[in-house]
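1. Sequence isn't available, so here's the structure alone:
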């Protein structure tokens, strides 16, 4: 069945508002498959909102979000559940399960997806990949903010998803741990399509194949990372050069 | 002056801080760096009494915090404010009322006009417009909320400011604004203790940079001496910072 194998996503003239406030306007882009698309921009530009829409957590949007050519809102419940099992999501708030240990959180995700036999080994291996094997018996409230973030990332990775939607996976991590996480994500290129939001310009430079740059809820740039880094657009230059003066207020 | 003397803090069997000692002199800007989860934020929380020590002693201006009663703890927390990673403003109150809360609770203003004067001065000090005072926290960006949380510490006259990851999650423009604010507050004579991964800010602003590793202070350096450190973790932190050039 085509939908079970097609994990593509595209946005076509998508708009979204929180109450009376417009968060996104006329966003159109298609993240290339099995590559890394970084969504970036100044604070409040709509990065996290865009990821929530891609993760099907909001449905009251204008325009169209399609997978395999079909609008997400037209999927049946069964199709939507099957589609969601192919994507790994890490958003804010992190959504770790307070009543479960780190290992328990991952075993829960695995069992919920119907893979009961895989639980223990897969959970421990995934925790190890994010540097948390030593904390497998800890509850989220016993972890630092950075550790909780890594646990949330492990939850997104544990089912080997074909698409990853990640909201600032290295924010709050020390630079060495952050680099390890980035390398982990970069290693998935080719086997998963990754849409990642970050304001960290070094991470954009290092990781992105393509960049979607948002300003005040609008797509200001979408294209190859190399073109983004070399652009002489004043908004992009102010952002990349961390200048407090410029067209971005 | 802030002193940690052989401070130990455990979570169950694991010692996050073990016989950790450090001194921060009045007016110093000190950055505490280390791997994620190593206990940096724990040290700040121990200072303001949010966590109880398992052993050792913390002194603020020579007075042991173990001797403080509840009223004296309020006094310490007024003089030494912890600015959390999450701004923790009260959503149902305007920015003005958020800032006035501490002033009123501590009886710091002789009149409402005095109170307004305090608030307007510190909102300007953190680089925000007075028109924000009528707004509510959720109408503001995360970085603006962070600056309001700094103003909240300043209006009660805090001499020491403890920043827990002040620039985490901020875009580079607002990171630069917060770093400028920290530097300005330090130059104005306040004691500043920052837990941060922002090596660029540490190198530019700090008087000293401390490394927390293995539950104690493993290195105590200045921005000048840190580059000649052979500590492997410091070398890795510097390499990562150098790979992220500032323009």
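-> On my side now, so go ahead. These numbers were taken from a predicted model, which means no experiment stands behind them.
2. how about the residues of chain B near chain A?
-> For chain B, the residues found near chain A under the criterion CB under 8 Å from any CB of the partner chain are B:11, B:33-38, B:41, B:85, B:141-143, B:165, B:168-177, B:180, B:197, B:199, B:233, B:236-237, B:240-241, B:243-244, B:246-247. (C-beta placed from N, C-alpha, C; glycine too.)
3. Please list only the buried members of those residues.
-> B:33-38, B:41, B:85, B:142-143, B:165, B:168-177, B:197, B:199, B:233, B:237, B:240-241, B:244 (16 or more other CB atoms under 10 Å in any protein chain shown).
4. in stretch B:206-225, what counts as buried?
-> For stretch B:206-225, by 16+ other CB under 10 Å, it's B:206, B:208-213, B:215-217, B:219, B:221, B:223.
5. do the same with stretch A:96-110
-> A:96, A:97, A:101, A:102, A:103, A:104, A:105, A:106, A:107, A:108, A:109, A:110.
6. Is chain B within reach of it?
-> No: using CB under 8 Å from any CB, stretch A:96-110 stays clear of chain B, coming no nearer than 12.0 Å.
7. Go through the buried residues of stretch B:206-225 and flag which are in strands.
-> Residues of the buried residues of stretch B:206-225 located in strands (DSSP state E): B:208, B:209, B:210, B:211, B:212, B:213, B:216, B:217, B:219, B:221.
8. what residues are up against the fourth one?
-> Spelled out, that is residue B:211. Residue B:211 makes contact with B:33, B:34, B:217, B:218, B:219, B:220, B:221, B:231, B:233, B:234, according to CB atoms under 8 Å, 6 or more residues apart in numbering or on different chains.
9. switch the cut-off to 10 Å
-> Applying CB atoms under 10 Å, 6 or more residues apart in numbering or on different chains to residue B:211 gives the contacts B:31-35, B:38, B:40, B:217-221, B:226, B:229, B:231, B:233-234, B:237.
10. a markdown table for the ones in strands among the buried residues of stretch B:206-225, including pLDDT and distance to residue A:184?
-> Formatted as a markdown table, those follow (pLDDT from 0 to 100; distance: CB to CB, whole Å):
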| residue | pLDDT | distance to residue A:184 |
| --- | --- | --- |
| B:208 | 96 | 33 |
| B:209 | 97 | 28 |
| B:210 | 96 | 29 |
| B:211 | 95 | 25 |
| B:212 | 94 | 25 |
| B:213 | 93 | 23 |
| B:216 | 91 | 30 |
| B:217 | 94 | 30 |
| B:219 | 94 | 28 |
| B:221 | 96 | 30 |
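11. Could you point out which of the residues you listed is nearest to residue A:181?
-> For these, the residue nearest residue A:181 by CB to CB is residue B:213; the value is 19.4 Å.
12. give me the beta-bridge partners of the closest one?
-> Beta-bridge partners recorded for residue B:213 (DSSP bridges): residue B:216.
13. list the contacts for it?
-> Counting by CB under 10 Å, 6+ apart, residue B:213 has contacts B:33, B:34, B:35, B:38, B:39, B:219, B:231, B:232, B:233, B:234.
14. Likewise for residue B:196?
-> Residues in contact with residue B:196 (CB under 10 Å, 6+ apart) are A:174, B:31-33, B:40, B:163-168, B:179, B:182, B:202, B:205-206, B:209.
15. hmm, try it at 6 Å
-> Taking CB atoms under 6 Å, 6 or more residues apart in numbering or on different chains, we find residue B:196 in contact with B:31, B:165.
16. any idea how far chain A is from residue B:211?
-> Distance, residue B:211 to chain A, using CB to the nearest CB, to the nearest Å: 11 Å.
17. In strands only, show me the contacts of residue B:211.
-> B:31, B:32, B:33, B:217, B:218, B:219, B:220, B:221.
18. and of these, the nearest to residue A:81?
-> The nearest member of the ones in strands among the contacts of residue B:211 to residue A:81, counting by CB to CB, is residue B:33 at 44.0 Å.
19. mind checking pLDDT for the closest one?
-> Per-residue confidence (pLDDT) for residue B:33: 94.
20. Repeat that for the one 4 residues further on.
-> In the prediction, the pLDDT value recorded for residue B:37 is 81.
21. measure it to residue A:181 for me?
-> Distance, residue B:37 to residue A:181, using CB to CB, to the nearest Å: 13 Å.
22. Kindly reformat the buried residues of stretch B:206-225 as JSON lines containing distance to residue A:222.
-> Formatted as JSON lines, these follow (distance: CB to CB, whole Å):
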{"residue": "B:206", "distance to residue A:222": "39"}
{"residue": "B:208", "distance to residue A:222": "44"}
{"residue": "B:209", "distance to residue A:222": "40"}
{"residue": "B:210", "distance to residue A:222": "43"}
{"residue": "B:211", "distance to residue A:222": "41"}
{"residue": "B:212", "distance to residue A:222": "42"}
{"residue": "B:213", "distance to residue A:222": "42"}
{"residue": "B:215", "distance to residue A:222": "47"}
{"residue": "B:216", "distance to residue A:222": "49"}
{"residue": "B:217", "distance to residue A:222": "47"}
{"residue": "B:219", "distance to residue A:222": "44"}
{"residue": "B:221", "distance to residue A:222": "43"}
{"residue": "B:223", "distance to residue A:222": "39"}
